[in-house]
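> Only the shape, not the letters, is given here:
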Ligand SMILES: [Zn+2]
């Protein structure tokens, strides 16, 4: 059976850890602590008599995300206890939503290459994260002993469950990337943060049994984990063996999936209504207030950029992928050629950022000036458009100002990006092309010092001009524009 003939069905359940100030049901700080078991209280440890109280911020994040995913938000939701007999939740149940989640029945359009496809969203609900366990001297199956750190216990999670609409690992990855980007626009999740995005995947091939693979971290891991699991199931079938319904875990180091247990069903969890938490009314006013706070989402921005600026898909995709970069682009597009601005941001600037292993936002934050990159780009673009920087010098300017950062003492005024006193800590004169007169001097010098090359040229060797251009570049320390230098050399040699 060839690759294409295998009928693959994948559904994802994705958990997003929310970066709220406090945990989901108590006032403990929701952040990493230096020592284990320090950000804990009777509530998140589940001591008798302690009562959970809902962090309303989480409800807002959940409703906003639901609306962005075009889900129907339920007007009244409540929480349930799910039997959970593992040491990483000390009260032996997890507070989650089961019967009525925050929202149901959504849809998101994904793009894989040029193909578009709608993925159904089954439901979105809120639940608490369990603690972290550390297995000493082995893994979960054979360690000597296990330590539990409850600092994470009670971190709020959004769980987004899709329909089994994915037919390839690539589609699943594209969905997670788009979801992460959308959540970044909603200011709910930041891919660079310590907060994790983890997925459990349900995979079946050719209508066979479903296998659940748990705990796949990030967006890149999903493609590897799913590819492995699909080929494992294919191998079983090829040998005439049954794929059994089971729960497996993803081993990130070895890039394989491993059997955890035979799959349990939802009924095994014995959900009961949590009597400590009140029913939440998500009335019209609450929903409308949040709807109004939803910004233009990545796919909407993509569409508008295409229409307004007429740029290539790849450029728009790259611009839109970083909200701050997209905003800066729009400001630059008011002044400069849109193609020039976009290609410098997506091309040269990205290269410099990757080389320095920093993100667009990080540079701005670290420089202490939110407009740092915008100002630098304005200098580069205005000098390029005025013909005062050549490509090479403009790239160098870009590299230098990103790498040296901004002296916190310095102020930069951005009234005139061509002004020589613009203070990003660099001297603009070092980057500008030499003036014509200066080039003439350099050309004369190159010709005087290289009589052999002149002789070669006169005897018909046109390549000798390239050598002389090289000499001019070297004498001018790279400031001369090679095209002008060539013209001047030819004039002199006539
Ligand atoms: Zn607590």
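Done, it's in. Owing to the predicted nature of the structure, the values given are computational and were not obtained by experimental measurement.
> Skip the chain neighbours and tell me the closest residue to residue 149.
Nearest residue to residue 149, sequence neighbours excluded (C-beta to C-beta, 6 or more residues apart in numbering): residue 36, at 3.8 Å. All C-beta atoms are positioned from the backbone trio N, CA, C, and that covers glycine.
> Pull out the buried positions in the host helix or strand of residue 466.
In this structure, residue 466 is located in helix 464-475 according to DSSP states H and E. Buried residues in helix 464-475, counted by 16 or more other C-beta atoms under 10 Å: 464-465, 467-469, 471-473, 475.
> ok, residue 79 - how many residues close by?
Residue 79: 27 surrounding residues under other C-beta atoms under 10 Å.
> To clarify, my last question referred to residue 98.
Residue 98 is flanked by 18 other residues according to other C-beta under 10 Å.
> Same question for residue 163.
Using other C-beta under 10 Å, residue 163 is surrounded by 16 other residues.
> how close does the most centrally placed residue in the chain get to residue 322?
Note on the chain: the residue nearest the mean C-alpha position is residue 191, at 4.7 Å, using C-alpha atoms, centre = their mean. Residue 191 sits 10 Å away from residue 322, going by C-beta to C-beta, to the nearest Å.
> Same question for residue 77.
According to C-beta to C-beta, residue 77 stands 34 Å off from residue 322.
> which residues are in contact with the helix holding residue 466?
Identification of contacts with helix 464-475 by C-beta atoms under 8 Å, 6 or more residues apart in numbering yields 439, 442-443, 445-447, 449-450, 453-454, 456-457, 480, 482, 485-486, 489-490, 493.
> How many residues are close by residue 240?
Count around residue 240 with other C-beta under 10 Å applied: 6.
> mind listing the strands for the stretch 1-150 of the chain?
Using DSSP state E, counting those that start in this stretch, the strands assigned to the stretch 1-150 of the chain run over residues 8-17, 72-73, 76-77, 80-83, 93-96, 103-112, 115-128, 132-136, 145-149.
> Could you please name the strands the last one pairs with and the direction of each pair?
Spelled out, it's strand 145-149. If you go by DSSP bridges, strand 145-149 pairs up with strand 132-136 (antiparallel).
> Contacts for the partner strand next, please.
Strand 132-136 has contacts (C-beta under 8 Å, 6+ apart) with 87-88, 143-149, 151-152.
> at 6 Å what do you get?
Contacts to strand 132-136, defined as C-beta atoms under 6 Å, 6 or more residues apart in numbering, come from residues 88, 143-149, 152.
> how far is it from where the chain is centred?
A distance of 29 Å separates the centroid of the chain from that of strand 132-136, by C-alpha atoms, centre = their mean, to the nearest Å.
> likewise stretch 166-175?
Distance, centroid of stretch 166-175 to centroid of chain: 17 Å (C-alpha atoms, centre = their mean).
> Need the residues that contact that stretch.
The contact list for stretch 166-175 (C-beta under 6 Å, 6+ apart) reads 8, 10, 110, 112, 119, 219, 222-223, 226-227.
> And those, which is closest to the ion?
The closest of these to the ion turns out to be residue 219 (C-beta to the ion; 30.2 Å).
> wait, doesn't that closest one sit right on residue 181?
No. Between residue 219 and residue 181 there is no contact, the gap being 9.8 Å when judged by C-beta atoms under 6 Å.
> Now for residue 120, how many residues are close by?
Residue 120 has 14 nearby residues by other C-beta under 10 Å.
> Across the sheet, point out what pairs with it.
Beta-bridge partners, per DSSP bridges, of residue 120: residue 107.
> roughly how far apart are it and residue 400?
Using C-beta to C-beta, we find residue 120 at a distance of 50 Å from residue 400.
> go on, residue 55?
Computed as C-beta to C-beta, the residue 55 to residue 400 distance reads 45 Å.
> Neighbour count for those two, which is higher?
Taking other C-beta under 10 Å, residue 55 and residue 400 do not tie; residue 55 has more neighbours (22 against 16).
> Among the contacts of helix 464-475, which lie within strands?
With strands taken from DSSP state E, there is no overlap with these.
> which of the residues you listed are buried?
By neighbour count, with 16+ other C-beta under 10 Å, those hold 439, 442-443, 446-447, 450, 453-454, 456-457, 480, 482, 485-486, 489 as buried.
> Domain parsing of the chain, as residue ranges.
Under the TED database, the residue ranges defining each domain of the chain are 8-286, 296-430, 436-493.
> So which of these is nearest the ion?
Of all the domains of the chain, domain 8-286 sits nearest to the ion, with 3.2 Å by C-beta to the ion.
> and that closest one, how far out from the chain's middle?
Its chain's C-alpha centre and that of domain 8-286 lie 19 Å apart, by C-alpha atoms, centre = their mean.
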